Structures are given as structure tokens and as C-alpha cells.
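A.B. asks: only geometry, no sequence info:
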């Protein structure tokens, strides 16, 4: 695991660096296959912001926290990430035991032009069927955040309707709900 600590408008002191190293070593027991961890600490006026991004094989876990104290901001963001990791581990172990279906994303095929360079009429490419799993919008956002999928179709446990959550170009999520 490669750990990178960056300070913006802020100098990383030795005690703070040791604190970060201790927290990372404690958290490393919860998550496997961590390839890269990037910690960005920044100060703007009285706002101390800590951002931590974990890169693993197949997933990215990110947390941001803003507090009045840098140690508090870092500790709080690490608690958030630890909760995310535990939830993902729990979901993964439940999947394995229950034998539930996995959500599959349709792959886009680039078939816009034929061999002569003429524009073809759009074809419908059938994708594998998707298992629609009941979950809350927050759970869906967390699931979408740790995968590299562009969208997630799920059964909204609050409304009992099929919803689609997708990642917009600006990085935010947008929820599509049906209207009957």
C-alpha cells in the first residue's frame, strides 16, 4: 500500500504524520488489496478539511470531512471510511451466504458506422438481465460509489418502485424515479 499525504496551505508536522500512519495501519486490517491511499489535508481560513481516497482492486472509497481542527477532521473522515468498509464487507459476506444475484452493467458497443463510413441506423443491443435488489437510495449511492459502473438499477425500499441512480458528468449522482 502506497500512502501519499499532501498538505494544501498547510504544512504536515511529524506528529500529524505519525497520527495518520497509526490510523492507516489500524484501518488496513479491515480492507484487502489496497493499492494506493491519498490523504489531502487543507486549511482555508478556519476550515480544516481532510480528504481520504482509498484505491483498491476494483473499488474506490472516498471520504471528506471539514472541522475546526485538523486532527478532528482526519479522525472523523477515517471513522466514516471505516463504516463504509464494514458495510461493504458485511454486504459481501451476505451475498456469499445468500447466493444472491449480482447486478450486471450493460456494456456499450461502438457500432456507429459500417465499413464504408456510412451512418447506420441505431440498433438495440440486448444486455444481460439485471437483478433488481431492494435497497435505500443511500445504499444505492454507496454501492454505485464503490463500483466503476455508470448507473445502478434498484428497487427503492422506501417507495417499492424501480429507480435508476446514475453518475453525472460532474461527478454527482442523479436519481430517476418513475411517474405513473
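C.D. replies: Perfect, I can see it now. Owing to the predicted nature of the structure, the values given are computational and were not obtained by experimental measurement. Residues are numbered from 1 along each chain as shown.

A.B. asks: measure how far stretch 6-20 is from the centre of its chain, please.
C.D. replies: Remark: stretch 6-20 is offset 25 Å from the chain centroid, using CA atoms, centre = their mean, to the nearest Å.

A.B. asks: state the mean pLDDT of it.
C.D. replies: Mean pLDDT, computed over stretch 6-20, is 89.

A.B. asks: just the endpoints, please. Distance across that stretch?
C.D. replies: By CA to CA, to the nearest Å, the extent of stretch 6-20 from end to end equals 12 Å.

A.B. asks: show me where the chain has strands.
C.D. replies: Applying DSSP state E to the chain gives strands spanning 2-8, 34-44, 47-56, 59-67, 134-135, 151-156, 161-167, 173-176.

A.B. asks: identify each buried residue in the worst-scoring helix or strand of the chain on mean pLDDT, please.
C.D. replies: Least confident helix or strand, the chain: helix 70-98 with a mean of 76, by mean pLDDT, DSSP states H and E. By neighbour count with 16 or more other CB atoms under 10 Å, helix 70-98 contains the buried residues 70, 73-78, 80-82, 84-85, 88, 91. Yep, even glycine has a C-beta here, placed from its N, CA and C like the rest.

A.B. asks: likewise for stretch 143-156?
C.D. replies: 143-146, 149, 151-154, 156.

A.B. asks: how many neighbours does the closest residue to residue 71 other than its chain neighbours have?
C.D. replies: Leaving aside its chain neighbours, residue 71 sits nearest to residue 19 (6.5 Å; criterion: CB to CB, 6 or more residues apart in numbering). Neighbour count for residue 19, taken as other CB atoms under 10 Å: 15.
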